[in-house]
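J.: Pasting the sequence and the predicted model now:
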There are 4 protein chains.
Amino acid sequence: MLRADLVKTEPSSVSPGATRARSAKRARILDAAITVFARTGYHDARVSDIAREAGIAYGLVYHYFRNKEEILETIFEERWTGFVETVEAIAEAPTRTEEKLEAIAALILGAYRLRRDWVKVFVLEIQRSSRFAEPSQLRAVGRFFQAVAKILRAGQAQGALRGDLDPEVAGYVFVGGLEIVITALVLGVIRESDADPEAYAPKVARTVVEIFLRGIGARS
Amino acid sequence: MLRADLVKTEPSSVSPGATRARSAKRARILDAAITVFARTGYHDARVSDIAREAGIAYGLVYHYFRNKEEILETIFEERWTGFVETVEAIAEAPTRTEEKLEAIAALILGAYRLRRDWVKVFVLEIQRSSRFAEPSQLRAVGRFFQAVAKILRAGQAQGALRGDLDPEVAGYVFVGGLEIVITALVLGVIRESDADPEAYAPKVARTVVEIFLRGIGARS
Amino acid sequence: MLRADLVKTEPSSVSPGATRARSAKRARILDAAITVFARTGYHDARVSDIAREAGIAYGLVYHYFRNKEEILETIFEERWTGFVETVEAIAEAPTRTEEKLEAIAALILGAYRLRRDWVKVFVLEIQRSSRFAEPSQLRAVGRFFQAVAKILRAGQAQGALRGDLDPEVAGYVFVGGLEIVITALVLGVIRESDADPEAYAPKVARTVVEIFLRGIGARS
Amino acid sequence: MLRADLVKTEPSSVSPGATRARSAKRARILDAAITVFARTGYHDARVSDIAREAGIAYGLVYHYFRNKEEILETIFEERWTGFVETVEAIAEAPTRTEEKLEAIAALILGAYRLRRDWVKVFVLEIQRSSRFAEPSQLRAVGRFFQAVAKILRAGQAQGALRGDLDPEVAGYVFVGGLEIVITALVLGVIRESDADPEAYAPKVARTVVEIFLRGIGARS
DNA sequence: CATGAATGAGAATTCATTCAT
DNA sequence: GATGAATGAATTCTCATTCAT
């Protein structure tokens, strides 16, 4: 079964020696930045906050990154890639359409549980960073939507899905449904029930998939 | 029929005389702020930009608003209220559930055509303004989601909608589906076909409602 | 007789009212900058030093000038112009060549007495500012050399000067002779005799002109 | 005949073995520094630029020099010394005054052709380095002017030069005439004729000497 | 000797906000 | 109301210098 922890989180699986040290500091800066961005928001985060959080000196940040914005871009590029690759793996897998959609929903909602800060930064900051409109980032996001669209087109081809709806728009609707639930969670608008937080995400995931596949309308 | 222009756009329907002048300047500042926020983003927008756009001295901004943030809040409160009232009117209307959902979808996607800057600011700025977490704003957003949830609950009560799904989560899914399509339009990821821009929004609206009601899964 | 005080020093001969206030502050910043640049050198001068010297707040400097460099450029443009105009007036005057050259020498060496800081900044800072290589500045300096060359060409035409020497190179030699004497004074390498400081500059001026016209070689 | 290459340029005429290596790196740093200072100016040159130009790690610079400033000082001291010694040799030589002055002019203008970067740094940077006011450097510059003054005094003593002019001021005038021509060349204000660049410097040198000795005034 | 990661003081610049006119 | 000059806190970024390896 596909699991949320498929999202690769450790770019630190690196070669030893000098390289390790370099990567270690760099990775600490990125981790710290995610934490700080999630807490304060990108704009209100000071570079010195990141440095303090990472436990390093101020100027070292500029040793590894040209400026504050490059940190955000790097977070996106390095961490998003792992996510997209997982989604693409799901798309290629020899499973039924419904399973694939459920896997993606579980992946996203599961990521919220495991890497809440990442999700916050992706959802709240990167998305509206001015750089987000940049071709490279749009392309990276595009990979994700294409993977979803691929699942839908395959589903239509094999008769599992209706063929009369635009798979691209449908893909947006599916992702949008997931995204807003996450946003609501991130913003605390809806709160995981205290009773069984572990069970909440899967349940919501299933609801989204269910609506997406069979609709909320009563069967006539 | 419910129309996009139900969104009230003119707080300038005000009393005459001195008061009119006051309101006129104030309204010009708000309009200018929307334009500038849509262009630059809230954080990168300078008060002087807003003043220049409004054609006034920038000290005057502080006559009408305590600070920059209050401008954003005011935009939200004054302009969002009109939107929510329209949605609530739709919810109360004696029409079928499907019609109501279609009206909301049309309202939102139509607003994008008529008041693109407003939508940009709502979607991109206010949503992630740190103030968004403020009770007053959350309440305002909540009114909107409650109106949607009300439609869904009513639909369940009268048997038009399945009763086995959480209407709150379902509401998010519906709105999220619409929202992401708008975001994609705002960011230029998907582009209205040049052939018939007028027809694009309604068509997308219908697709979203269709998926939401009947699902994309093939009828077994 | 042409006098050193022909160098216009007061751009503050301005219109009254609001304009005066604006100009007053601006002029104070420029004056303060000259003082500070002369004392510390351009590179080591902090904008805050200039502000303190001018008795104004930090940020006001940026109200009037884009950045630190623009201050230096402005000093050059506004103050150099007065100097060049004086030199051009000397060049046009209906006096003998020797008188003209003496007037220029007196002007320059006199300026050193009256506006030592200006001379320091011109000689030591502006000349090696990276911007100095800019067309507009080279042109401004060019005006000065052209005025000198004009005097020399006129002298050659009327038979007062030898015709077998390149007037352009000769102009450089004349100005260079003056300039290095000033530099030596600025740097304190040579010191005006304590006995009669007033008489030193004119005496040096006459020496430079004398050498330039009749040479130091013994008459054969 | 005295030639420009009399200026000693290779402190690398050193003993072999380990010492050679040391000196080699040191010399490379100095050469690189001259190149970089000439290109960027002292203040804007970063130590890392010098290291990159020298092809070494920038920490190594601090093995050989206490700090950035010491590099400039060293350039001045080590390279200027060779120049001054050449000038002193010219002064001592059993040649006529005019020949001596021509040799110096040729030396300086020739150096501009051979070691343009050195001249740039001497003319533009060292001269206004704040450290220029340092006794040791003033003394070094003084040696040069004293050598020139010595030539002039000797010329006066043997009747080759007029005795009624201050030899010190006259020396400044001579050097100043040369210096400004060089500055003009450095800044590109005057350009060596493309036709015969080799001949330009000597020609200018002769013009300067000619004016200095016989003046530009028409013989009455 | 060599390297380049690490440090942190320092300075420029921005811009929201205040206030005298 | 209206203006825009004045203020200064806040922050980013640079770069000389140190130091562990």
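T.: Ah, there it is. Keep in mind the model is a prediction, meaning the values are calculated, not measured. Numbering: from 1, shown residues only, chains lettered A, B, ... in the order given.
J.: Identify the single longest helix in chain A, thanks.
T.: Longest helix of chain A, by residue count under DSSP state H: helix A:68-92.
J.: buried stuff in the helix or strand just after that one?
T.: The helix or strand immediately downstream of helix A:68-92 is helix A:97-114, counting by DSSP states H and E. Using 16 or more other C-beta atoms under 10 Å in any protein chain shown as the burial criterion, the residues of helix A:97-114 that qualify are A:97-98, A:100-112. Any C-beta I mention is one placed from the backbone N, CA and C, and that applies to glycine too.
J.: Next, work out how far apart the residue in chain A that chain C sits nearest to and residue A:26 are.
T.: Distances between chain A and chain C by C-beta to the nearest C-beta are smallest at residue A:67, namely 19.0 Å. The gap separating residue A:67 from residue A:26 is 15 Å, by C-beta to C-beta, to the nearest Å.
J.: Among the two, which residue is more densely surrounded?
T.: Using other C-beta atoms under 10 Å in any protein chain shown as the criterion, residue A:67 and residue A:26 rank with residue A:26 on top: 20 against 11.
J.: what's the closest non-adjacent residue to the more buried one?
T.: residue A:64 (4.9 Å; C-beta to C-beta, 6 or more residues apart in numbering or on different chains).
J.: again, but for residue A:121
T.: In this structure, residue A:121 finds its nearest non-sequential neighbour in residue A:37, 4.7 Å apart by C-beta to C-beta, 6+ apart.
J.: any idea which element that neighbour lies in?
T.: helix A:18-40.
J.: That helix vs DNA strand F: in contact?
T.: No: between helix A:18-40 and DNA strand F, judged by C-beta under 7 Å from any atom of the strand, nothing touches; the nearest distance is 7.7 Å.
J.: buried residues in that helix?
T.: A:23, A:25-38.
J.: how far out from the middle of the chain is stretch A:91-104?
T.: The chain centroid and the centroid of stretch A:91-104 are separated by 17 Å under C-alpha atoms, centre = their mean, to the nearest Å.
J.: Now chain A against chain D: closest residue?
T.: Counting by C-beta to the nearest C-beta, chain A gets nearest chain D through residue A:63, at 11.7 Å.
J.: State the phi and psi torsions of that residue.
T.: phi -80, psi -30 (degrees, to the nearest 10).
J.: That one: neighbouring residues, count only.
T.: Here the number of neighbours of residue A:63 (other C-beta under 10 Å) works out to 12.
J.: Check residue A:199 too.
T.: Counted with other C-beta under 10 Å, residue A:199 comes out at 11.
J.: buried stuff in the host helix or strand of it?
T.: Using DSSP H and E, residue A:199 maps to helix A:197-214. Neighbour-count burial for helix A:197-214 flags A:200, A:201, A:204, A:205, A:207, A:208, A:209, A:210, A:211, A:212, A:213, A:214 (criterion: 16+ other C-beta under 10 Å).
J.: Among those residues, which one sits closest to DNA strand F?
T.: residue A:201 (33.6 Å; C-beta to the nearest atom of the strand).
J.: re earlier: what packs against the longest helix of chain A?
T.: helix A:18-40, helix A:97-114, helix A:135-157 (3 or more C-beta pairs under 8 Å, 6 or more residues apart in numbering or on different chains; DSSP states H and E).
J.: so which of those helices comes closest to residue C:169?
T.: helix A:135-157 (56.6 Å; C-beta to C-beta).
J.: angle of that closest one against helix A:68-92?
T.: Here helix A:135-157 runs at an angle of 20 degrees relative to helix A:68-92 (axes from the mean of the first three to the mean of the last three C-alpha atoms, to 10 degrees).
J.: I would like the residues contacting the helix or strand of chain A with the lowest mean pLDDT, please.
T.: In chain A, no helix or strand scores lower on mean pLDDT, DSSP states H and E than helix A:18-40, which sits at a mean of 83. Applying C-beta atoms under 8 Å, 6 or more residues apart in numbering or on different chains, the contact partners of helix A:18-40 are A:11-12, A:14, A:45, A:49-51, A:53-56, A:60-61, A:64-65, A:71-72, A:74-75, A:78, A:116-118, A:120-121, A:125.
J.: Weed out the non-buried ones from those residues.
T.: Buried among the contacts of helix A:18-40 by 16+ other C-beta under 10 Å: A:45, A:49-51, A:53-54, A:56, A:61, A:64-65, A:71-72, A:74-75, A:118, A:120-121, A:125.
J.: So for chain A, the centremost residue is which one?
T.: residue A:119 (5.6 Å; C-alpha atoms, centre = their mean).
J.: got the buried residues of helix A:197-214 as JSON lines, with distance to residue D:161 and pLDDT columns?
T.: JSON lines is the format used below for the buried residues of helix A:197-214 (distance: C-beta to C-beta, whole Å; pLDDT from 0 to 100):
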{"residue": "A:200", "distance to residue D:161": "102", "pLDDT": "78"}
{"residue": "A:201", "distance to residue D:161": "99", "pLDDT": "77"}
{"residue": "A:204", "distance to residue D:161": "101", "pLDDT": "84"}
{"residue": "A:205", "distance to residue D:161": "101", "pLDDT": "87"}
{"residue": "A:207", "distance to residue D:161": "105", "pLDDT": "91"}
{"residue": "A:208", "distance to residue D:161": "101", "pLDDT": "93"}
{"residue": "A:209", "distance to residue D:161": "104", "pLDDT": "95"}
{"residue": "A:210", "distance to residue D:161": "108", "pLDDT": "95"}
{"residue": "A:211", "distance to residue D:161": "105", "pLDDT": "95"}
{"residue": "A:212", "distance to residue D:161": "103", "pLDDT": "96"}
{"residue": "A:213", "distance to residue D:161": "107", "pLDDT": "96"}
{"residue": "A:214", "distance to residue D:161": "111", "pLDDT": "95"}
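J.: For these, give me CSV that also has distance to residue C:169.
T.: Shown next, in CSV, are the buried residues of helix A:197-214 (distance: C-beta to C-beta, whole Å):
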residue, distance to residue C:169
A:200, 88
A:201, 85
A:204, 86
A:205, 86
A:207, 90
A:208, 85
A:209, 87
A:210, 92
A:211, 89
A:212, 86
A:213, 90
A:214, 94
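J.: Of the residues you listed, which are in range of chain D?
T.: By C-beta under 8 Å from any C-beta of the partner chain, no member of the buried residues of helix A:197-214 lies near chain D.
J.: Out of these, the closest to residue C:88 would be?
T.: Nearest to residue C:88 among these is residue A:208, at 81.4 Å by C-beta to C-beta.
J.: Isn't the closest one up against residue B:170?
T.: No: between residue A:208 and residue B:170 there is no contact under C-beta atoms under 8 Å: 9.1 Å.
J.: per-residue confidence for the residue nearest to residue A:26?
T.: On the pLDDT scale, residue A:64 is placed at 96.
J.: Next: residue A:137.
T.: 79.
J.: cool, and the one 3 residues further on?
T.: We note a pLDDT of 85 for residue A:140 in this prediction.
J.: who touches it in this structure?
T.: By C-beta under 8 Å, 6+ apart, the neighbours of residue A:140 are A:76, A:77, A:80, A:81, A:84.
J.: Need those in CSV (columns: neighbour count).
T.: As requested, these are exported to CSV (neighbours: other C-beta atoms under 10 Å in any protein chain shown):
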residue, neighbour count
A:76, 22
A:77, 14
A:80, 19
A:81, 14
A:84, 18
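J.: show me where pLDDT drops low in chain A?
T.: Along chain A, the parts satisfying pLDDT under 70 run over A:1-22, A:127-128, A:130-133, A:191, A:193-195, A:220.
J.: What residues does it have near chain D?
T.: Counting by C-beta under 8 Å from any C-beta, chain A has no residue next to chain D.
J.: ok, residue A:136 - contacts?
T.: residue A:77.
J.: So residue A:153 is in contact with residue A:165, correct?
T.: No: taking contacts as C-beta under 8 Å, residue A:153 lies outside contact range of residue A:165: 11.3 Å.
J.: higher neighbour count, the two?
T.: For residue A:153 and residue A:165, the more surrounded residue by other C-beta under 10 Å is residue A:165, and the numbers stand at 20 against 17.
J.: That one: what's it in contact with?
T.: Residue A:165 neighbours (C-beta under 8 Å, 6+ apart): B:207, B:210, B:211, B:216.
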